[in-house]
Structure formats: C-alpha cells, structure tokens
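In: No letters, just coordinates:
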C-alpha cells in the first residue's frame, strides 16, 4: 500500500476520502472519483464487471445500486428497483430466487456466486469468497460451481458433466475412461500469506493420465511416485539435519526414521527441544508453604470458634461489628491465598527459536507482530515519552518485515502527529545505530541517561565516535520535540493548519473524520544505511457527537481492525505510550511460547511484568507492586495463566476475535472411564462394542481421505501444516457480518488463522476499508466489545478482556526475562498514586455490577476454579474498604469509651491469637522466599493496602454505586499545591484531593485515642494498664500502617500544609466535644465522695 507518505482522512458514513499534503493531480476528494458512481443505498462504490463496464442493476432507469445491495434486495427485500419499482431481473452470475423466469442466454448454475451457504468450506476459501465481489474489480476471475473464485476447490466426482478432472479443460489424447487429477505447480496448500494464488491462464496445464485399474481413493498414497517422493524427502531431511539418536525419544527409548513423518519437526536436533519449560518451585520451599497455609486455615477456624462463642456483653455492638469485619477479611484472604497454591516460573530458549524458524540462507519464518501504542492527550502524556516508546519498538531485535507499529491518537492532536513525523525521521538514524552496536535499552532517553559503563562488551573501534554523534542528534531531536510542545500551548483561533494550508482534520476533538498516515514502511523510505524499516502508521479513529466511543477499549479495537486490513499479523503487542521496550528480544521471548508447536496453540496471550523507572529507593507508596507481579502472578501461571494487566502483553489475534481455544484430544483409555481399572474384567462386552464403533469410524475416515490426498502430498513435500477448516456454523456470511462488521476485507483477514493480507487487494480498496473500519458507527449491531476485541463495560477493560479469553478455554503465560522486557513510568506522589488506584477500583466495581462478573459468569466454559477465585478477588476487593474503614475506627472508639472488642483473654485464647500471628508471619516469609521478594516490599504493600483501602477503594465504591444505580458520574479532581526541585521532586508534591479526607480522619482520631487512653491509665492507676495494652496495640497498628500517608501529607516542607491544620482543628474540636459528653474518667455510678480528714475551716 503506497500512499506517498500522505495523510489519509475520511469518513465512511459521510462518503469522505481525502489525501492531504498532495498535489492537485494526486488528491482524491471522495470515493465517488474512484469509480464514477456510488451506490445510493449503502454508499459503496459500484464495481466494474468483467466486461469493463459499471454494474447496472435496473435496465429500466439505471438507478445506481451495487451488486451486494442488488443481491440482498432480491434475496430478502422487495425484489424491485427503489426508484422505478420495476422487478429486478436475474443478471448473469447472480443466484436464482423464487419467481425468476427461465432464460436460455443466462447461465443456470445452481450455486453460482451463492455464498450465503458456506458450510463445508475452509476458512481460507471463505476468506477469498468474501473478497471476490469487492476486491477483484475488473479482473474477471473464474468462478467454479461451488461459488468460489478459483480452481483448486473443484471436487466434482468422476461422473460430472465435465468427465475429466483437468480444471475444466478436456484433452483429446486422453480417452474417456482415463481421468487425471492435475495439480498446477504454483498451487500449494500449506500456510500461505495469500489464501488462493492467482492462476495464470497463459500457463498450460498438462493432463496426467491415470491407470483405470487403480482406485482413485488410493491414487495419491498408493502410487510409486508418492513413495519415491516420500523417501527422497526423508533422505534430504536426514542428510540436512544430522539427527542424533537420543535415548527416550520414543516410549521404548529407541529412535526410528518414522519420527521424520511429523511436519512440525525442527530443522536441527537442538531445535527438537521445547522452546520453553516450566521450572516448578523446589519442594523444599513449596511444601512448607502449603503446609503453613493449611495450618493457617485451621487456626482461622479456631479463632472464629473462640470469637463467636465468647461475645463481649458490655460492648456487644463493638464485638459484633468486629466479628463481621474479621469474617470478611478471612474470605478475602482465602480468595487471595489459594490461587497461589501452585506457583511456577518459566524459562525460554531463544537459540532454539532461531534454529527452528530462522534457517541460514532462507527467509525468516517467525510470525509477524503488530504493535499497538495508545495515547490521548499529549499535554498529559509528553510526546517525547511516546517518541521513545516508538523508537524502542522500531529498533526491536526482530525481522523488520515482520514488525508494524500502529500509534493510536485518540485525541486527534496535531502535536502528536507532528511529533510522530519527527520520530520517523530520527528513526532512520537511531535504528541502524542500535542494531549495529547491539545496545540496550533502545529508547534513547533512557540509554543516554543510564549510569553504567557504556563501553562494556563494545569492541567496535567507531563506537565512541558514533555514540557521541548519535547523542548530539538526539539532543537536537529533543529540542525539536520540545519546540513543538511549546508551540502547541496556545491554539490558534481558527485551529491548526498543515504545511500545505489544509486545515487539520482533528481541530474538533469530539467531531472529526478518521485519519491514517503511513510514515515508514512504504516504498522509498529506508534508514541512512539503505536498509528497510518496520512499518509505522498513525491512526486517529473517527469521532462524532452522539456516539459512545468506549475510551481506550474502543481505540484498541479500532487499531485491531486497521492492522487487520493493512498488515494482519497473527500476533499483537500492546503497550502504553510510557512503556518502552527495555529488552530488544522481548518479542522473541513471547514467540517462544506462542510458536511452540506442542503447547503454543492454546496460549491466548503472554503477559510480561511491569517494571518502572524513576521510583524512589524506598518505594513509599508501593508503586512497583512487586508482591502482585512476583508472587500473585507466578501463582496464577501455575493454574491457567496470569490476568491481563493492560500493557506489555502479546496477544494471539484469533483469541481476541472471541474464538474458543482448540480442544485437546485425550488419549484413549485402556478401560472404561467410569470405574477403576480393575473393572475392566467385567467390561468385556463394552470393549467389544467400542471396538466395533472404532472400526466404523476408521472406515469413514478412509472414505474422507480421498479428498485430501493431493493436499497431504503437497504438505509433505513442503513440510508444513495444513490449515484446519472452521466450523460450518461460524462460516455463514450473516453470522460473520454480525460478529465482525460490514467490511468484507476485515472479515476475510479475520478468517485467516495465520494472518497475511490478500494480494489481490487494490491500494484504493485497502485505503477505503481502513477508513471504514475506524468509522464511529462501524461497531453498531456487532459483537465488538461484547465478544470480540477488548471488552466494553469497565474502565479496566484489561481484566474483562483477559477474563473472557480464559472463559473460552484459553490459557495465558507469564514471562519474566532476566532483563525486564518493558519499563514505564508511574506516579510517585501520594495524590496521583491514589487516583490511579481509584481508577482501577472503579473498574472492578463496574465489573461487579455487570453481566461479566466472575461470581456468576462463565460457568460451563474453560475457566478453572482457582482462576475464578482470582478474578472474583479482583472485582470484590473494593468492597473490603467498608469493613477496613470500620475496623480501623474501632481502636479509637475503644480507647475513648474504655471498651474493647475482645473479653478478658484466657490462656487458650492467647495460644490461638499467637498461632494466628505466627501463621500470618510464616506465610509472608515463605512467599518472600519462593517469590524472591524483599521484606520492605511486602511491608510497603501491606501499608498501601490500608491506605488505598480507606481512601481510593472507598470512593471508587461510592462512585460506582452512584454510576450504576443512579447514573451519576462523579469525578475527583486533583489540584497542585506545591512542588520542589531535585531528584524525586515529584514525590514531595502535595496535591489536595478529597481522597485524603478519610485516611486523614482515621489518623487523627487514632492519635487522639492513644493520647486519651494513656491519660486515662495515668489517671486511674496501675490496674488500668493491663486492659489498655490491647487497645493501644490495636491503635498503633493502624497508625503504623498510615505512616507513609502521614509523610505524604507533610511532604518535604518544614511546616504542615494549611489544609491539614484546618482539618486537624475541626476534627479535634468534634472529638473534644465527644470526649466531654462521654467523660470516661467519671465513674458510671457518679462521683465517689470520700472524707479527706482535713479540717478546712
């Protein structure tokens, strides 16, 4: 697709199609100029017939209607012209409908062009069929009797009208009793980029006679030629591979030549090994861990047995409230703990991947990957950060022709467009520099600022000189980007204009056409050394008022469709604009799982952990989230795979389309499946019946084999796997359009399991389809966002999308390379961190109230129970904020009232409490041991669980309830108050937000409670210190957990912020009045009066 490097903007619904930055001769103003006429029903262009003329549906008034609308009107409509109301006559090549007259001059093939019933066709056949009417304009392609354009699908029996199976050509040299199967030399049935290659009619096909005595059912496999070819193939493979005979290859430990029959065998002996392997946690670590979990569960049961049977009668409301909160905490612990029962880690073998798919002297066989980068507002997401992410993608260690980068600008900002144009120009220098010297990371901002010996392992004499020159070029690049940002601060009154004077199509953020610009990858654009560069495409989907665009999930689905039309790679990688590729071999790491022939077919995505730059050494607010990524995710990987976390994830495109995972065939058992093996003594008759059934199945399979002989012969010759046919129920046109939309090009691409773009598509058709699939109304009445693509219904679309895939039976993989695959930036100050957590919690609340809630959705599918526990925990954790807030308030209430939630502790109760605390500590220590997590990380995670629970999670819960129940959207804004300079200065920025109210109140009342409790003990004497100890411990536990929050409030200033002082005075006044009202120092029976014995007169 060559656009000459120009921006393509348009709207499918409005029939707009414009090339900007073109001369007058090259500018296309509308689709109407492409063909001359446009269908008055659907707006599509009217195709050219095989005679070179426009298609005319009505011979009376010539009302412009395209062929699909004409056929639809005849099949399901009034069968009359919309203008003159004359009944449509059947035209040549169109299916017959009821009421048509018989005409001698029109072909009467029963199923010609009838692609309404596609049962029995493979996915590639359906894909070509969907493109026939749209993309073969003016080609005059041949159509066989099945309605499929092409000739290798003709499976007519020997007794058909044309007796010779010679693709419709009869040969006088062959008698009528000698038939032949002709396979053109250029036709293959392996995994092809184009589903059906174009047949050149100028090349004669020589018929091959067949001996009539031979049965056609065994002609392929039973012939001497087939045996010779098979032996020759085995000999070539044996000589080339130099296969080593390993012990234990077969069940009996021997090796034979029949192993070469498998077309999935690699090209070298090392490549025979798996591309990855599981590394279970050593039993010396995991066995004690599981034992402690079981013991902790028993201790929890004993704890509740004691708590329920020993109520506090003089503080019954406090006791009941505390017990309810503790029961909820126990349920949350079970949901969080048991998915970590089988943790594993994985190891990849990149050398084996290269041996298998990158053979010397041959093109790379690695699968193509489309990389998606999403951005919205360049003022909040700096263009320089996005540029570094794009540069790291373009310089990735992967074949350049296999990589395409799509940048989604959902804000239609000209600043992003211009910054991407500068990035494309700088990439022509940066990419060859990275690959020449093999540097890491390949994001220039982080490469040049890293504090390390950059000369390590560098032996090229020109490295220092070229590095200095490249750093100077990058500084100039940064100046240009910063200049663009400075210019964009003030928007002109008339909006932005492009260099040729054309107004920027995205001047109105909420009302603009779709825009596509191919910066790199088209002809003529290469790097400074003349090498090809990966494709770089700018995409901004159409937006119009009155449409729900579904935020990030809608933008990602638009990228899925555009990429399917332009490149259609079988795998997708999505990253946020601030997450650059830190390991240039990250794509190869993912392909070790995706392209593994034994276990890769059921993998829907490979999730990488998130690692971050620029976080303070102590990680005050647990931004690294190490406990989740290094403990929880490893546990999930041992069940059905990690959850999708929104970035750093490589998807299988087919899984995103909502297909079920391939079924694993179970090996046949030697006994019946319902009883133990010893029952086979009583199952003789059952075995005989099953044997008879197997024989009948075997015969039916032999009958079906005759239709696949030539396919199998070609597959053996090429050493490739034959594409599997899809289910007939999924191949009807109506269902495909209902599922994927009205674009036949996208439907054809979606049906290609191994990806690839059809070669017979014209550039104009691809451009028009690309604009159509990003139109704002394309998803209406389709399954997009429901069953296909990123799932709508929550601001955390990542959880929903991964959950739906697991419900379809797919499994995911967690990959942790030695060098982190991706790195990003995270908000490190308190307010921004809380707002990030607020967004995540709000998404979980939305999922909880949706039909996709894992508590009641997905039963009967492929979701495993422990995996379901994890998803349930991910959507119910915001509800923990209510019992957590109440539980953190209880210490202050107990100290102010002199009551406690636990009665006087006995020896038995002391043992139970001690056992509970020891089991909690032991569980954390063992998790730190097998997860390789530090104590400070666990403690920071525990602290922020309390801080976020009583602030962001609580507000998210109320905001979600208002949104779901009352339809009210509530936003919490952040206002910057102060900032400091220096390293990690953002850590000390104080931004007041309403999220800080609840934890501030908790902190103050607990501090006051501690002061009051100690004062009360001092006033009442020595005997009151014993009961006070439990209350003080309870309150100090809350204060210690809120300590990072207190440091965040104080910041780096010498004085406390004014807002905190105001809140402290207000709450202190309220608590003082409450103190006077309660007055715990005074006895409940009134003041005790005693005679002091002194004469005061």
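Out: Okay, I see it. Here the structure is a predicted model, which is why all the values come from computation and not from measurement.
In: and residue 464, what helix or strand is that in?
Out: Following DSSP states H and E, one finds residue 464 within helix 463-487.
In: ok, residues contacting that helix?
Out: Identification of contacts with helix 463-487 by C-beta atoms under 8 Å, 6 or more residues apart in numbering yields 378, 382-384, 387, 415, 418-419, 422, 426, 429-430, 433, 436-437, 444-445, 448, 454-455. C-beta: built from backbone N, CA, C; applies to glycine.
In: Now which of the residues you listed would you call buried?
Out: Buried members of the contacts of helix 463-487, counted by 16 or more other C-beta atoms under 10 Å: 378, 382-384, 387, 415, 418-419, 422, 426, 429-430, 433, 437, 444-445.
In: The stretch 351-500 of the chain: strands as residue ranges?
Out: Counting by DSSP state E, counting those that start in this stretch, the stretch 351-500 of the chain has strands at residues 369-375, 403-409.
In: and what of the stretch 601-750 of the chain?
Out: Counting by DSSP E, counting those that start in this stretch, the strands of the stretch 601-750 of the chain are 603-607, 611-613, 649-652.
In: Go through the ones you listed and find the least confident stretch.
Out: Set side by side, the strands of the stretch 601-750 of the chain give their lowest mean pLDDT on strand 611-613, at a mean of 88.
In: any low-confidence regions in the stretch 701-850 of the chain?
Out: For the stretch 701-850 of the chain, the stretches flagged by pLDDT under 70 are 701-731, 758-764.
In: For it, which segments are assigned as helices?
Out: In the stretch 701-850 of the chain, the helices defined using DSSP state H, counting those that start in this stretch lie at 709-718, 733-740, 744-750, 763-773, 797-807, 830-848.
In: quick one: which of those is nearest residue 403?
Out: For residue 403, the closest of the helices of the stretch 701-850 of the chain is helix 744-750, at 17.9 Å, according to C-beta to C-beta.
In: I'd guessed residue 1042 sits against residue 1002; true?
Out: Yes. Under the contact definition of C-beta atoms under 8 Å, residue 1042 touches residue 1002, with a separation of 6.6 Å.
In: Quickly note the distance from residue 801 to residue 792.
Out: To residue 792, residue 801 is 10 Å away according to C-beta to C-beta, to the nearest Å.
In: of these two, who's got more company?
Out: For residue 801 versus residue 792, neighbours defined as other C-beta atoms under 10 Å are more numerous around residue 801 (26 against 20).
In: Need the pLDDT of the residue nearest to residue 885 when sequence neighbours are not counted.
Out: Leaving aside its chain neighbours, residue 885 sits nearest to residue 950 (4.9 Å; criterion: C-beta to C-beta, 6 or more residues apart in numbering). At residue 950, the pLDDT value in this model is 90.
In: Next up, the contacts around residue 950.
Out: So residue 950 contacts 881, 884-885, 888, 998-999, 1002 (C-beta under 8 Å, 6+ apart).
In: do residue 509 as well
Out: By C-beta under 8 Å, 6+ apart, the contact list for residue 509 reads 411-412, 543.
In: For my notes, confirm it occurs in a helix.
Out: No. Looking at residue 509 with DSSP: H, G, I helix; E, B strand; the rest coil, it is coil, so not inside a helix.
In: Would you mind measuring from it to residue 372?
Out: Taking C-beta to C-beta as the measure, residue 509 falls 21 Å from residue 372.
In: re earlier: redo the strands of the stretch 601-750 of the chain as CSV? Include distance to residue 776 and mean neighbour count.
Out: What follows is the strands of the stretch 601-750 of the chain, written out as CSV (distance: least, C-beta to C-beta, whole Å; neighbours: other C-beta atoms under 10 Å):
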stretch, distance to residue 776, mean neighbour count
strand 603-607, 28, 27
strand 611-613, 35, 19
strand 649-652, 24, 26
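In: Indicate which one of those strands is closest to residue 58.
Out: Closest approach to residue 58 among these is made by strand 649-652 (46.4 Å; C-beta to C-beta).
In: For residue 631, find the nearest of the strands of the stretch 351-500 of the chain.
Out: Per C-beta to C-beta, nearest to residue 631 of the strands of the stretch 351-500 of the chain: strand 369-375, 28.5 Å.
In: Which strands and helices lie in contact with that closest one?
Out: helix 383-394, strand 403-409, helix 551-566, strand 571-576 (3 or more C-beta pairs under 8 Å, 6 or more residues apart in numbering; DSSP states H and E).
In: Any chance of these in CSV with mean pLDDT and distance to residue 955 as columns?
Out: Formatted as CSV, the helices and strands packed on strand 369-375 follow (pLDDT from 0 to 100; distance: least, C-beta to C-beta, whole Å):
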stretch, mean pLDDT, distance to residue 955
helix 383-394, 93, 28
strand 403-409, 93, 29
helix 551-566, 91, 20
strand 571-576, 94, 24
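In: show me the contacts for the closest residue to residue 563 other than its chain neighbours.
Out: Leaving aside its chain neighbours, residue 563 sits nearest to residue 370 (4.3 Å; criterion: C-beta to C-beta, 6+ apart). Residues near residue 370 by C-beta under 8 Å, 6+ apart: 404, 406, 563, 567-569, 571-573.
In: how about the helices of the stretch 701-850 of the chain in JSON lines, adding distance to residue 303?
Out: As requested, those are exported to JSON lines (distance: least, C-beta to C-beta, whole Å):
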{"stretch": "helix 709-718", "distance to residue 303": "64"}
{"stretch": "helix 733-740", "distance to residue 303": "52"}
{"stretch": "helix 744-750", "distance to residue 303": "54"}
{"stretch": "helix 763-773", "distance to residue 303": "58"}
{"stretch": "helix 797-807", "distance to residue 303": "32"}
{"stretch": "helix 830-848", "distance to residue 303": "28"}
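In: now for these, which one comes closest to residue 44?
Out: Closest among those, using C-beta to C-beta: helix 763-773, at 8.4 Å.
In: Just the angle for the closest one relative to helix 551-566, thanks.
Out: Relative orientation of helix 763-773 versus helix 551-566 (axes from the mean of the first three to the mean of the last three C-alpha atoms, to 10 degrees): 160 degrees.
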